[in-house]
Structures are given as structure tokens and as C-alpha cells.
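In: Whatever this is, show me its structure:
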Amino acid sequence: RMSAKRIVAGIISTVLWTVNVSALQGKPAATLDSYLKPYVETHNFSGVVLVEKRGKIIFQKAYGFADRERKIPNTTSTQFHIASMSTQFTAAAILRLVDKGVIHLDTPIGEFLPGTAGATTHTIRDLLTERSGLPDLNELPGYDDVLQHHQTPASLVAKVSGRPLLFEPGSKFLHEEHSAYNLLALIVEKKTGLSFADAVERLVFQPMTLNRSFVDDDSAAHKKEAAHGYKPVGLYGLEPATEIHWSAKTGNASVCTTAEDEARWVRMLFQGNALSASSKDAMLDTSQDVGYGWFKDTNKQFGETEYYMNGRAPGFASFVLYLPHEELTVIALSNIYSSATTPIGYDLA
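Out: Model prediction:
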């Protein structure tokens, strides 16, 4: 958690920098660098920013260090943990199985979580739209200890199995349902016979040529180029974030990727054939303002529908925004635990 002094300073600075965005209107894209520098200099941002419009990257730059101790800089190919943005890829893996006829959105979860209240009426669709009513593992006592040990989807789901539901499945959205996406990861494993990491690789990353993306299951594979995470100390200081087992966030926050891979995923989802027409329609349906790893809303500032997601996990923060009318994608991936990526993304848009 950030100190009160740092939060106040961040609010003041964000207001000032947001006002200064007006000075950049109509300028070449490269001048956006001058907008980002104060975030970098005050240690509120370290990572990669990418802006793509109508299929063309118009701004991309790396800032700060992937490894501050060894002075290894971030580059545009650095991999970052993207926290809750990971849910997009869990949802995509499920929808790929739907497209193959292996499961259906209205399949009751009782097949995978017997003994849980409402299991016969509670469906995969409820999990994807975060209206399952499952108690949130992240809010349960002892969650910090969960993060310090290797987990599997089965071990995570077992921690909430049998607990009373918070509300009738499908009736409302209460909060981010981390447990729902742990269960979706378990469903992927049961239906593919593969580990969740391997299943997402085969179902999503390989077919979509996301060659710099992986699910962090605590193994050493692919991780040597991933950024180290940092957390704020005092007003401007940084120190290494507390290390966790990313397997403890399987399904809801365990993906590590690059800005370019994320941009390719967005492009293939909205303009390509990443999913069947029916699955794509389900993911992008705006009748509910959250689901399938996206928030969906009408943004008055931009005068159109927006699709966005942000996330924070120990040492990292992330944001992605897509405006379909403008075909505009903005991505900010950071290896500092700070809320700056969201205002950065909106201001650049």
C-alpha cells in the first residue's frame, strides 16, 4: 500500500499532467514522450507504452529498468506480469473449447465443483461474467500465505469449495471474482488433460502467434527475460516487491506478456478470427458492463463504446483500452506497483 503522502502527491501530479495533455493535442506522436517523463522520473511508471491506430503502431517506447539492481533496461520486448488482464486469455481458452464443442457456456459447474451451493444452476457463463456468487479467495483469511506456496487450479478451488455463495448466480456483479477464474482454469485442465499453462499455450498463444506470452506456473521456462517487480517506498523510493508464487493467481492474474503481443491479441480479437463469430459476440457483448476479461462501457469523453481492463499485482500494473470506432488500442505495462497505468492509458488515448 502506498503512503498517504505518496498518494496525495500522485493525485496532484496526475491532475497537472492531465491538464498538460491539452498542450500535446495535434502534435506528432513522438511528443507523447514528454507527457510520460514525469511519471518515469517520479517512479510512478517503469515499463512499455504502445499506441496502435487502425492496425499501425504509432507510438511505442520502453522506460526504466526491468532489473534495477543489475541496471538492465526495459525494452519493447520485455515481458510483464499483467495481473487481472490475464482474465482475457483465460476467457479465450474457454471460448476456444466452446468453439470446439467440448463445453458450452450454459454447462452447470456442478460437473467440476460438486457439493457447492447452486452448482446445478451455476454455469460457465456466470463464471466468465463474474456473476457466480463464489466467495473471493483473495478476500479470505490467510490469502497472503496462499501466495507464498505453489498452487494448482485444484488447490485454489478447494479453498472456496463448499462455502456459501454470496448471492444467487447470475443475479449481479459484486466485485472482481478471482475464484471464478481459478475455477475456469480448472475446467480448462479437466477438459484438455493438460496443465493450465500448456493448455493456454496450445489453445490461445500458439494459434494467435503470441510468441512472447506465457502462463507463469512458477517454472523457470521463459522467465529469464521477464521484468522484476518493484513497489513504492516513501515519496519517490522503490524496492523489490515481495516475491509470490504466480501459480497462486492461476486463471485470474498469471499471464506474462509483452505490449506487442497484447496489441496483436486485441487486433485479432476485434478485427480477426481469434474466435468464432458467436464466441466473439459473447466476449464483446455490451449488455453487461463486465465479463470475459473486459470492462465495457460508453465513454462520454470519446463518444463511443470502450473496452478496457486494468490490473495490479505485487510489483506490476497494467492497462489496455480499445476504442472500436477509432480502431485505437492503448497499452501500458509497468513493473512498478502503482495506479498510474490507467490515467496514462486514458490520457494517451
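In: For Val49, see how far away the closest residue to Gly229 other than its chain neighbours is.
Out: Excluding its sequence neighbours, the residue lying closest to Gly229 (C-beta to C-beta, 6 or more residues apart in numbering) is Gly315, at 1.6 Å. (Each C-beta comes from the backbone N, C-alpha and C, glycine too.) Gly315 sits at a distance of 18 Å from Val49 (criterion: C-beta to C-beta, to the nearest Å).
In: With Ile124 instead?
Out: 35 Å.
In: For Gln60, give me its contacts.
Out: Gln60 makes contacts with Val48, Val49, Leu50, Val51, Thr76, Ala259, Glu260, as judged by C-beta atoms under 8 Å, 6 or more residues apart in numbering.
In: Let's see which of these end up in helices.
Out: Using DSSP state H to define helices, the subset of the contacts of Gln60 located there is Ala259, Glu260.
In: can you pick the most crowded of the contacts of Gln60?
Out: Counting neighbours by other C-beta atoms under 10 Å, the top entry in these is Ala259, with 30 neighbours.
In: Is it correct that that one is in contact with Leu50?
Out: Yes: the pair Ala259 / Leu50 is scored as a contact, 4.0 Å apart, by C-beta atoms under 8 Å.
In: Identify the contacts common to those two.
Out: Common neighbours of Ala259 and Leu50 (C-beta under 8 Å, 6+ apart) are Gln60, Thr76, Ile331.
In: neighbours around the last one, how many?
Out: To tie it back to what came earlier, the one meant is Ile331. 30.
In: Run through the residues that contact it.
Out: Residues counted as contacts of Ile331 (C-beta under 8 Å, 6+ apart) are Val48, Val49, Leu50, Val51, Ala259, Glu262, Ala263, Val266, Phe319, Val320, Leu321, Gly345.
In: same deal with the second one?
Out: For Thr76, the contacting residues are Val48, Leu50, Gln60, Lys61, Ala62, Thr258, Ala259, Glu260, by C-beta under 8 Å, 6+ apart.
In: So Lys296 belongs to a strand, correct?
Out: Yes: counting by DSSP: H, G, I helix; E, B strand; the rest coil, Lys296 is found in a strand.
In: if I look at it, how far off is Gly110?
Out: Lys296 is 29 Å from Gly110, by C-beta to C-beta.
In: What score does the residue nearest to the spatial centre of the chain have for pLDDT?
Out: Nearest to the mean C-alpha position of the chain, counting by C-alpha atoms, centre = their mean, stands Met85 at 1.0 Å. Note for Met85: predicted pLDDT of 98.
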